[in-house]
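Undergrad: Whatever this is, show me its structure:
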Amino acid sequence: MPDTSLLSGLIASRQRGASQKMPLTLRGRVVLPMHGPALDGGWVRIVGSRIIAVGRRRPDGPVIDLGDSILLPGLVNPHCHLEFSSISTPLPPEPPGGLAGWIPAVMQARFAETSNPAAAIAAGLHESAAAGVTLIGEIATAPPTLAYPTHGVPRLRLYRECLGLSSHRGALSLKQLRRSLDRVPPHVSAGISPHAAYSVHAGLARQLLRLAAARHLPVAVHLAESREEHELLAHDTGPFRTLLERLGAWPSPPPRLLSTADWISLGCRAPRAAFIHATHLDEAALARLSRHRDRAAVIVCPRTAALISGQLAPLQALRRAGVRVAIGTDGRGSAPDLSPRHEAAVVVDRGLVSPDEAVAMITTDAAWAIASESTAGQLAAGRRADLAVLRPNSWSADPAADVLCPTTEVVATLRGGRLIHAAAGSPF
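TA: Numbering: from 1, shown residues only. Below is the predicted model:
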C-alpha cells in the first residue's frame with residue numbers, strides 16, 4: 001500500500017515551493033519509460049522539476065511506493081481546439097453532411113452569445129490534466145495572452161491559426177498572426193497553423209510557410225479531411241464551394257488553392273509539419289509524406305473521423321511508408337472528452353495498431369509531431385518530471401493494454417514534479 005501520509009506531506013511541501021531539492025522517488029508496479037522496455041517494480045526519481053534517474057527494483061534512499069500503479073510519461077495531446085471545451089456533446093453534422101455540414105455547427109458554437117472562450121479553455125485544460133495530459137498542441141484562434149493560464153495546467157504548444165481565401169482577408173490574417181507571434185509568453189511554445197487546404201489561398205500559404213521556416217516554428221495544417229475537400233481543390237466545385245459562397249468567403253475570381261501533395265512539400269520547409277486528420281490521402285500525397293518523413297507527421301483523431309467522415313486515415317499505409325502517426329482528441333465539438341487514451345483505444349479495438357504502438361502515439365510520437373521530442377514523451381534522466389500515474393482496475397500481461405483499458409483510472413498527473421491533478425481518494 002502507498003505510504004499516504006509521507007507522500008501527501010512531500011507533495012504538499014513541493015506545491016508550496018519548499019523541499020524542491022529533496023529527491024522524490026516514486027515506485028509503481030510498472031514503469032513505462034517509452035524509450036525501452038517496461039520496468040517491473042520500476043521507479044522514477046525527481047529533484048526539483050527534473051527526473052534524475054529511472055530504474056527498477058531497489059533504489060537508494062526513501063521511496064514512495066504507489067502500489068499497483070503504472071508510471072508513464074505525461075500524455076501528449078498533439079491536436080486540440082480548447083475553445084470548444086464547454087460543449088457537452090459532439091455537434092452532429094447537418095445537411096449536406098460530412099465536414100461541409102459540420103462546419104456551420106462549429107461556427108454557430110464559436111459565435112454564440114453564450115460563448116466564453118476563456119472559461120472553455122480553462123475547463124479544457126483542467127479536463128486534460130485529469131486525463132493524464134501534460135502537453136497540448138492547441139490551435140489558437142484568440143491572442144495567446146488572452147485566455148491561457150500559466151500554472152497548474154498542461155504545457156502548451158500554441159499554433160496560431162491563420163486563414164483567408166481572398167487577398168484582403170489573407171493580408172489581415174497574416175498581420176494578426178505576426179502580432180500574435182510577437183506576444184507569445186515565454187512559458188509557451190509557439191507554432192503556426194495555416195487552417196486548412198480549403199481555407200487558405202496559395203499565396204497566403206507560401207507566406208505562412210516561409211514565415212514558419214524563417215522563425216524555426218512548427219506548423220499544423222488540417223489536410224485531406226474529406227472527399228468534398230478533394231473536389232474543391234481539384235475542380236472548384238461541390239458542397240465546400242456552396243458552403244463558402246453561402247458564408248461570403250468565396251472570392252471572385254476564385255482563389256488558387258494548393259493540392260494536398262503541394263501542401264505537404266511546402267509545409268515540410270518548416271522544421272516540423274503536422275498534417276491533421278489526413279483521412280483521404282491519395283498516392284501522390286502518401287509519396288510526399290514518405291519523402292519528407294524526417295519532418296512530417298500525421299495526427300489522427302479517431303472519434304472525430306468517425307463522426308465526420310466515417311473512416312480513419314490509412315494508418316497502416318502511413319506506417320509502412322515510415323511516416324510517424326500521432327493521436328489527438330480534436331475538441332469537444334467532435335469528441336465526447338479530451339482523453340488521448342480513449343482515442344488510442346479506438347484504433348487498437350479496430351485492430352489497426354498494437355497497444356504498445358498506440359501508447360507511443362500519445363507519448364513519444366505525439367511529442368515528435370509537435371516538435372517537443374526533446375522535452376516530452378519519455379521518462380529519462382534530465383527530462384522534465386512530467387508524469388501520469390494510472391491505476392488499472394484489473395491487470396493483464398500487457399501494461400500498454402492496461403494503460404488503454406477504459407476502467408483504468410488516472411490517479412495523478414505531475415507537471416515538472418508538481419501536481420496538476422489528483423483523483424479523489426488518491427494518495428496524492
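Undergrad: Output the below-cut-off pLDDT ranges for the stretch 1-150 of the chain.
TA: 1-20, 95-97, 113, 142-147 (pLDDT under 70).
Undergrad: redo that, cut-off 50
TA: Residue ranges of the stretch 1-150 of the chain with pLDDT under 50: 1-6.
Undergrad: which residues of it fall in helices?
TA: For the stretch 1-150 of the chain, the helices defined by DSSP state H, counting those that start in this stretch occupy 4-15, 98-110, 117-130.
Undergrad: Residues contacting the longest one, please?
TA: Contacting residues not belonging to helix 117-130 are listed as 77, 80, 82-86, 136, 141-142, 146-149, 152-154, 331-332, 337-338, 410, 413, 415, 420-421, 423 [Cβ atoms under 8 Å, 6 or more residues apart in numbering]. C-betas here are computed from N, CA, C, even on glycine.
Undergrad: again, but for stretch 408-423
TA: Contacts of stretch 408-423 (Cβ under 8 Å, 6+ apart): 11, 14-15, 20, 24, 46, 48-50, 66, 69-70, 74, 126, 129-134, 152-155, 341, 384-393, 402, 426-428.
Undergrad: export that stretch as PDB, just CAs?
TA: The C-alpha trace of stretch 408-423 is given here as PDB (Å, rounded to 0.1, in the frame of the first residue of the first chain):
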ATOM      1  CA  THR A 408      -8.100   2.300 -15.700                       C
ATOM      2  CA  GLU A 409      -8.000   5.400 -13.500                       C
ATOM      3  CA  VAL A 410      -5.700   8.400 -13.800                       C
ATOM      4  CA  VAL A 411      -4.600   8.700 -10.200                       C
ATOM      5  CA  ALA A 412      -2.400  11.700 -10.600                       C
ATOM      6  CA  THR A 413      -0.700  14.000 -13.200                       C
ATOM      7  CA  LEU A 414       2.500  15.800 -12.400                       C
ATOM      8  CA  ARG A 415       4.000  18.600 -14.500                       C
ATOM      9  CA  GLY A 416       7.600  19.500 -13.600                       C
ATOM     10  CA  GLY A 417       7.300  17.400 -10.400                       C
ATOM     11  CA  ARG A 418       4.200  19.300  -9.200                       C
ATOM     12  CA  LEU A 419       0.700  18.000  -9.100                       C
ATOM     13  CA  ILE A 420      -1.800  19.400 -11.700                       C
ATOM     14  CA  HIS A 421      -4.300  16.600 -11.000                       C
ATOM     15  CA  ALA A 422      -5.000  14.200  -8.200                       C
ATOM     16  CA  ALA A 423      -8.000  11.900  -8.200                       C
END
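Undergrad: Next, name the residue at the spatial heart of this structure.
TA: Pro78 (1.8 Å; Cα atoms, centre = their mean).
Undergrad: List the residues that contact it.
TA: Shown in contact with Pro78 (Cβ under 8 Å, 6+ apart): Ile136, Gly137, Ala274, Ala297, Ile299, Ala326, Ile327, Gly328, Ala366, Ala367, Ala369, Ile370.
Undergrad: In those, find the pair that's most separated.
TA: Greatest spatial distance among the contacts of Pro78 (Cβ to Cβ): Ile136 and Ala297, at 15.6 Å.
Undergrad: Between those two, which has more neighbouring residues?
TA: The residue with more neighbours, out of Ile136 and Ala297, is Ile136; 29 against 26, by other Cβ atoms under 10 Å.
Undergrad: Kindly confirm whether my reading is correct that the more buried one touches Ser85.
TA: No. Counting by Cβ atoms under 8 Å, Ile136 does not reach Ser85; the two are 11.1 Å apart.
Undergrad: distance of Leu379 from Val353?
TA: 21 Å (Cβ to Cβ, to the nearest Å).
Undergrad: quick one, which of the two is more surrounded?
TA: A direct count of neighbours by other Cβ under 10 Å for Leu379 and Val353 places Leu379 higher, at 25 against 19.
Undergrad: residue contacts, the more buried one?
TA: Counting by Cβ under 8 Å, 6+ apart, Leu379 makes contact with Val31, Leu32, Pro33, Met34, His35, Val44, Ile51, Val54, Leu71, Leu72, Pro73, Leu387.
Undergrad: So what's the residue count around the second one?
TA: Okay, so that is Leu32. For Leu32, the count of nearby residues is 27 (other Cβ under 10 Å).
Undergrad: would you list every one of the helices in the stretch 201-350 of the chain?
TA: Remark: helices assigned in the stretch 201-350 of the chain by DSSP H, counting those that start in this stretch are 202-215, 227-235, 239-246, 260-267, 283-291, 302-308, 315-320, 340-349.
Undergrad: Between those helices, which one is closest to Ala171.
TA: Proximity to Ala171 (Cβ to Cβ) singles out helix 202-215 among those, at 8.1 Å.
Undergrad: Just the C-alpha atoms of that closest one, please, in CSV.
TA: Extracted in CSV, the C-alpha atoms of helix 202-215 (Å, rounded to 0.1, in the frame of the first residue of the first chain):
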residue,chain,number,x,y,z
ALA,A,202,-1.9,29.6,-52.4
GLY,A,203,-0.2,32.9,-51.9
LEU,A,204,-1.0,33.2,-48.2
ALA,A,205,0.1,29.5,-47.7
ARG,A,206,3.5,30.3,-49.1
GLN,A,207,3.9,33.4,-47.0
LEU,A,208,2.9,31.5,-43.8
LEU,A,209,5.2,28.6,-44.5
ARG,A,210,8.1,30.9,-45.3
LEU,A,211,7.5,32.7,-42.0
ALA,A,212,7.5,29.4,-40.1
ALA,A,213,10.8,28.4,-41.7
ALA,A,214,12.4,31.8,-41.0
ARG,A,215,11.3,31.7,-37.3
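Undergrad: Noted, bye for now.
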